Structures are given as C-alpha cells and as structure tokens.
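Participant: below are the sequence and a predicted model for it; my questions follow.
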Amino acid sequence: MSRYVGAIDQGTTSSRFIVFDHAGTIVALAQKEHTQIYPRPGWVEHNPREILDNTREVIGAALARAGLSASDLAAVGITNQRETTLLWDKATGAPLGNALVWMDTRTDRLVAGYVADGGQDRFRARTGLPLTTYFSGLKLRWLLDNLPGARDRAERGEALFGTIDTWLAWNLTGGPRGGAHIIDVTNASRTQLMNLASCAWDADMLAAFDIPEACLPRIVSSAQVYGVIADETLKGARLAGILGDQQAALVGQTCFAPGEAKNTYGTGSFLLLNTGTEPVQSTAGLLTTLAYRFGEQPPHYALEGAIAITGALVQWLRDNLKLFDVAGQIEPLAASVEDNGDVYFVPAFSGLYAPYWRDDARGIIAGLTRFATRAHLARAALEAAAYQVRDVVEAMQADSGIALRALKADGGMVANALLMQFQADLLGTPVVRPQVLETTALGAAYAAGLAVGYWSGPDELRANWQAAHAWEPAMPAEQRERYYAKWKKAVARSFDWMD
C-alpha cells in the first residue's frame, strides 16, 4: 500500500500540491501564484495555460522536497476555485481564451435580462441558486456568444467547457489523447445548469441559457477512480477525488453530520452547513448546493453563504493603496487602535453576495472623520470579514432553525488572532481553528483516499481532526449589537450604485 495521498489545490490566486499521510498531516507542500488579469472594470481573468504549467511545477517541487515519486501516492485528488469558466479545443488542448474568474461581473446584463423576465429566484427550485454573475452557466453563455467560432465548435463537440477541475483532470489524464472530460457533482452544482435532485444536466436550464450539451463534461462522484494519470508529473497515479474548494474544506473539517458547519476565510469567505441527504431551499438569501457525493452513496447537500471579498480586501489595501508591504502587517496596524473609530468598510467590489445578492452594490468606506487613520481603515477591513460572516450565520440559522454552537474556521485569515477574536465576539459563539489549516487540500485528499480504500470511512477521518485553538466571545451583547447595527447601515449605503 502506498504511503501517502496527494492533493492539487488550485485556488483563485495560486496553485499548490500537498502530500498528506494517513493521519492527515502534511508531508510536503509547494505553491506558486498566477497572474490576475483585469481587462476592464469588473472583468477578472486567468490564463489556463499558466495555471496548468504552475500546477505541474508545484507537483514536481513538492515531490522532490520529500524525495517522493508518483508511486508513493495511493491516489491524487483535485480541489479548485469553483465557478471559474473556460472553453478549449478538444483536438489541440488550446484554450479558446482566458478563463472567466468566479468574481467576474461581465454577465451582469445577461443576468438583468433573465431577472426582468421572471425574477432573481426563477431557477432556484431546480438549481438551488439565484440569478447572479457568480455562477458558471452564464459565463459559458458569454464565451459562446463572444469568442469567434466558439458556439459552432461547441455544438459540434469540438470545443469543451469546464471549470478548473475539469481542465486539470482532462490534461492530467491524457488531454487530446483521450483525457477524461469530467466534472464532479459539487462543481457541476455551481454552474446553474445541474438539477439538484437528479445530479444531472437539466435540459430546461440548457435551453433557457442556450447551452449546447455537446460541450459539457460528464458529471461524476466526488470520490471515485476517474482514471490513471498520464501526465509525466504524476504518471501512473490514480486520480480519484474532485471537490470544489469550499466543499473540500467542509470534508477536510469532517463536517459529515447535518448541522455541522465550517467557514473558510480566503480570497472570499464561504460558510457551509451540512443539511444531510435532502436539499434545503433557502428563503434567507443562501445557496443550496451539493456538499459531496462519495462513490454510489446518496449525495449530501449544504446551505452556503458565499462572500465575495474578505482576504482580497487585505490584498487590495496592500497592492492598490500601499497601506502596508505584506499582508501580515495588517494585524499589528489594526491592533494599534482600540476600535474602528466608527469606520465601516463594505467591500462590494463585485457587488454583494450572500445574503444580499446585489449586483448593483459597490464598495464604500463609511463613517470617515478627521479622526480616522490608516490603522482605523485596516481595522475596518478586518472587521468587514467578520460582519459579512455574521450576515451569513443569521441567514443560515433562519433557514435551518439550527443555532450555531461553534464555528470551525480555516483559510489564510485564521492566522489573524485579532480577526478571530472579533468574529467570536460578534457571533457570541466560539470560533475554533483546526490543527491542520490546509483543510481544502485535505478534503480533496480525503475524497481520493476514500475512493481507493486508503481511509475506511468518515469515522476514521473524524479521528484525525484536532483543534489547535478556540476563541471565546468576550464582548458585551449591547456593544456587539451596536456595532452590527452600524454595519447594516453601511451595507444599505452601498446599494444602487450601478444602474
């Protein structure tokens, strides 16, 4: 039996390869950032070739650092930025253009047309999703309508659609020489083209969005052997797990029981609550999504609160405003003042996602006076992440009737103790950080390992989970509610900016 499991973690800003042992601890890791392309305001693109090249590079680097080869891996899993959308040539593997990133808003007019013709929730019963620029289906429609020759080639099956998991799986398993054109149920559920109940492409949605089925990948389980990797970097290893990044973090946090929840603080933030084997339709602005499907077992569903901008706001303060040199400097800067100085930052750079779903919103800084300093701005930026998470928690509790007893937290921002304490204070609930912070990659590894019998089942995975730290709420309730009321006032000011 091979000793380890590998996970490709292809995120919004970087690609990583991580090797885990049976206890779920990290054996080797390599990471490389890729270029963020902004052709116009609201447009965000990635170069698919760069992502593939970087993925190959980090696989080789991680294996070399640990003195390992593909034969040491029982299986390999993939986790990915979910709604990012691309088309490529089936015969050559060449992308027809850049990938449209999940936060890209160029489909806003398409969205507005569909909303005007039936309301934002007209497809929610089928797909669990509201109409918004976020999801892949209308991004694909835009590519078909705007890339020269794309629609004709897609209708003939000569151009293939995929999210990033599809792109990587196809290339790793042979590409033009018989690569597997697949998408797992979690990523398929983010296209707004999959029927939640059947876990199959929905003919009525394809007709509504004018999408040719010939270009679509085959929908597969999150944990099964998809094929043997042909790419030299991992030649001979079994590709056996695929999960969208937030569902992967749910699995990595071992939230297998209904009512268990996690929040990932990354470029954006994503809070998922396991609701079991029946989808729960939201009435409070959340998404109903696939949580995971292991082999032939029934699919598990989740309620999700998707927040577009949290960690990306820190990056923006660093890169655009030059407020500090490295992201880690924001915490001591924010901690140098005792509170936010009545400054509130609503980072609606791409509109507001859950629970508001306002494509017309744009970012604002409210409450500025001559007293405000860059430290207050830094603190307001961190607090914005916590306020947005509370918005989602309130909606989640309204939909599910389940009161959150503790929040399992992961992602890059959990290293920020000031933010984590403020989050616990604002929720009035403990926030718990796990021993292994790379829960997204770990979830992909778990899915792949389950598929090949490296792990026996969820109970064995639960035994691996350990808490590293817990933040207990300490803020008086009156102060918490006063802060939150001001935040809601600021959010309202961000609405109706775009016509």
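Facilitator: Perfect, thanks for sending it. Just so you know, these numbers come straight off a predicted model, no measurement behind them.

Participant: and stretch 53-70, which residues are buried?
Facilitator: Across stretch 53-70, burial judged by 16 or more other C-beta atoms under 10 Å covers N54, T55, R56, V58, I59, A61, A62, L63, L68, A70. Where you see a C-beta, it was placed from the backbone N, CA and C, and this is true even at glycine.

Participant: spell out the residue ranges of the strands in the stretch 351-499 of the chain.
Facilitator: Assigned strands in the stretch 351-499 of the chain, in chain order: 364-366, 407-410, 431-434, 467-471 (criterion: DSSP state E, counting those that start in this stretch).

Participant: please identify which of the ones you listed is closest to A91.
Facilitator: A91 lies closest to strand 407-410 among those, at 40.5 Å (C-beta to C-beta).

Participant: partners of the closest one in the sheet?
Facilitator: strand 261-265 (parallel), strand 431-434 (parallel) (DSSP bridges).

Participant: among these, show me which one is buried the most.
Facilitator: Mean neighbour count (mean count of other C-beta atoms under 10 Å) peaks for strand 261-265 among the strands paired with strand 407-410, with a mean of 27.

Participant: now the next helix or strand after that strand against strand 261-265, angle please.
Facilitator: With elements assigned by DSSP states H and E, the helix or strand that comes after strand 261-265 is strand 269-276. Calculated by axes from the mean of the first three to the mean of the last three C-alpha atoms, to 10 degrees, strand 269-276 forms an angle of 160 degrees with strand 261-265.

Participant: just checking: what are the partner strands of strand 269-276?
Facilitator: strand 261-265 (antiparallel), strand 300-307 (antiparallel).

Participant: determine the angle, from 0 to 180 degrees, between the longest helix anywhere in the chain and strand 269-276.
Facilitator: Longest helix in the chain, counting residues (DSSP state H): helix 374-400. Put simply, helix 374-400 runs at 20 degrees to strand 269-276, going by the same axes, to 10 degrees.

Participant: packing partners of helix 374-400?
Facilitator: Other elements packing on helix 374-400 under the criterion 3 or more C-beta pairs under 8 Å, 6 or more residues apart in numbering; DSSP states H and E are strand 261-265, strand 269-276, strand 300-307, helix 311-319, helix 330-335, strand 344-346, helix 417-427, helix 477-493.

Participant: show me the one of these that comes nearest A223.
Facilitator: Closest to A223 of the helices and strands packed on helix 374-400, according to C-beta to C-beta: strand 300-307, at 11.6 Å.

Participant: so where do the helices sit in the stretch 151-300 of the chain?
Facilitator: Residue ranges of the helices in the stretch 151-300 of the chain, as given by DSSP state H, counting those that start in this stretch, are 164-172, 185-188, 203-209, 245-252.

Participant: so what touches the first one?
Facilitator: Looking back up the chat, that one is helix 164-172. 8, 10, 48, 51-52, 55, 78-81, 84, 86, 88, 93, 99, 160, 162, 179-184, 187, 217, 226, 229-231, 234, 239, 242, 244 (C-beta atoms under 8 Å, 6 or more residues apart in numbering).

Participant: got the helices and strands packed on helix 374-400 as CSV, with distance to S14 and mean pLDDT columns?
Facilitator: Shown next, in CSV, are those (distance: least, C-beta to C-beta, whole Å; pLDDT from 0 to 100):
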stretch, distance to S14, mean pLDDT
strand 261-265, 15, 91
strand 269-276, 17, 91
strand 300-307, 20, 93
helix 311-319, 12, 94
helix 330-335, 19, 97
strand 344-346, 25, 97
helix 417-427, 21, 97
helix 477-493, 30, 97
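
Participant: save those as CSV, and put in distance to D117 too.
Facilitator: CSV is the format used below for the helices and strands packed on helix 374-400 (distance: least, C-beta to C-beta, whole Å):
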stretch, distance to D117
strand 261-265, 34
strand 269-276, 29
strand 300-307, 24
helix 311-319, 32
helix 330-335, 44
strand 344-346, 30
helix 417-427, 39
helix 477-493, 27
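
Participant: so which of these comes closest to D202?
Facilitator: Nearest to D202, of all the helices and strands packed on helix 374-400, is strand 300-307, at 16.2 Å by C-beta to C-beta.

Participant: next one: that closest one to chain centre, how far?
Facilitator: Computed by C-alpha atoms, centre = their mean, to the nearest Å, the chain-centroid distance of strand 300-307 equals 10 Å.

Participant: what's the angle from it to helix 245-252?
Facilitator: Using the same axes, to 10 degrees, strand 300-307 lies at 120 degrees relative to helix 245-252.

Participant: buried ones in strand 300-307?
Facilitator: By 16+ other C-beta under 10 Å, the buried positions in strand 300-307 come out as H300, Y301, A302, L303, E304, G305, A306, I307.

Participant: same question for stretch 166-178.
Facilitator: Using 16+ other C-beta under 10 Å as the test for burial, stretch 166-178 gives T166, W167, L168, A169, W170, N171, L172, T173, G174, G175.

Participant: next one: the fifth one from L52, what distance?
Facilitator: Per C-beta to C-beta, to the nearest Å, W170 is found 10 Å from L52.

Participant: same question for the last one.
Facilitator: When C-beta to C-beta is applied, the distance between G175 and L52 equals 10 Å.

Participant: so what sits against both of those two?
Facilitator: By C-beta under 8 Å, 6+ apart, no residue touches both G175 and L52.

Participant: include pLDDT when you put the buried residues of stretch 53-70 into a markdown table, please.
Facilitator: Listed next are the buried residues of stretch 53-70 as a markdown table, based on pLDDT from 0 to 100:
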| residue | pLDDT |
| --- | --- |
| N54 | 97 |
| T55 | 97 |
| R56 | 97 |
| V58 | 97 |
| I59 | 97 |
| A61 | 97 |
| A62 | 97 |
| L63 | 97 |
| L68 | 96 |
| A70 | 95 |
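
Participant: tell me the one of those nearest V280?
Facilitator: Distance ranking of those against V280, using C-beta to C-beta, places T55 first at 34.8 Å.

Participant: secondary structure of that closest one: a helix, I assume?
Facilitator: Yes. T55: assigned to a helix according to DSSP: H, G, I helix; E, B strand; the rest coil.

Participant: quick one: residues contacting V58.
Facilitator: V58 touches S15, R16, F17, A30, Q31, K32, counting by C-beta under 8 Å, 6+ apart.

Participant: that should have said Y446, apologies.
Facilitator: Counted by C-beta under 8 Å, 6+ apart, Y446 has contacts G24, G77, G241, V251, G252, W455, L461.

Participant: please, where are all the helices along the stretch 1-150 of the chain?
Facilitator: With DSSP H, counting those that start in this stretch as the criterion, the stretch 1-150 of the chain has helices spanning 48-66, 108-116, 124-127, 136-146, 150-155.

Participant: so which of these is nearest M498?
Facilitator: For those, proximity to M498 was assessed by C-beta to C-beta; helix 108-116 is nearest, at 7.6 Å.

Participant: any idea what I365 is bridged to?
Facilitator: In beta-bridge terms (that is, DSSP bridges), I365 pairs with F345.

Participant: could you give the number of residues near it?
Facilitator: I365: 17 surrounding residues under other C-beta atoms under 10 Å.

Participant: ok, it touching A348?
Facilitator: No. I365 lies out of contact with A348 (C-beta atoms under 8 Å); the separation is 11.3 Å.

Participant: quickly list what's touching both of these two.
Facilitator: With C-beta under 8 Å, 6+ apart as the test, I365 and A348 reach no residue in common.
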